[in-house]
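Colleague: sequence first, predicted coordinates after that:
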Amino acid sequence: MNDEMFRLSLIEFMNNGILNDFVNEVFGYNLKKGDDVYIQYKIVKNNIILNIFDNNHKNRFKGYIFGNNSFEENDNVIYINIEECYKLYKDGNCDSMLHLIGALLKTNKNSEKSDIIKKFLNKDIKEILMKFFI
């Protein structure tokens, strides 16, 4: 799993002031410029766990788990099976940015990483992901 590349990308998003843009694009939030977002990043049993806290009252807390196994989801935790995301990508059926991140975390092929990253909309996000994943 490309967990270190992802962690470094998140830090760079924060340092460049585009963390809200990344969270909006990938996780479907609607954060504005004045909204604050806090992401807690953990690795537990080879799973990446992101806890996202924000000051937008619609999305106070959400947890996202990226891993190789399946878990039962609930209202506050979303599980993303990176194996399934990668299969969706390979089959041409990857229709969400969340699944693209899952596929990006799974693949070790630079050509696939580049192809996945090109599907992101924000130019600055693409550049940072390219910097750390390729």
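Modeller: Cool, the structure landed.

Colleague: roughly how far does Phe120 sit from Ile101?
Modeller: Distance, Phe120 to Ile101, by CB to CB, to the nearest Å: 9 Å. The way it works is simple: take the backbone N, C-alpha and C, and place the C-beta from them, glycine included.

Colleague: where along the chain do the strands fall?
Modeller: According to DSSP state E, the chain carries its strands in the segments 37-44, 47-54, 61-67, 77-81.

Colleague: which other helices and strands contact the shortest one?
Modeller: In this case it means strand 77-81. Applying 3 or more CB pairs under 8 Å, 6 or more residues apart in numbering; DSSP states H and E, we find strand 77-81 packed against strand 61-67, helix 97-106.

Colleague: buried residues in that strand?
Modeller: 78-81 (16 or more other CB atoms under 10 Å).

Colleague: what does stretch 120-134 give?
Modeller: 120, 122, 125, 128-129, 132-133.

Colleague: I'd guessed Arg60 sits against Phe53; true?
Modeller: Yes. Contact criterion CB atoms under 8 Å: Arg60 and Phe53 qualify, at 7.0 Å.

Colleague: pull the residues that contact the longest helix anywhere in the chain.
Modeller: The longest helix of the chain (DSSP state H) is helix 3-15. Helix 3-15 is contacted from outside by 19, 21-22, 39, 41, 43, 48, 101, 104-105, 125, 128-129, 131-133, using CB atoms under 8 Å, 6 or more residues apart in numbering.
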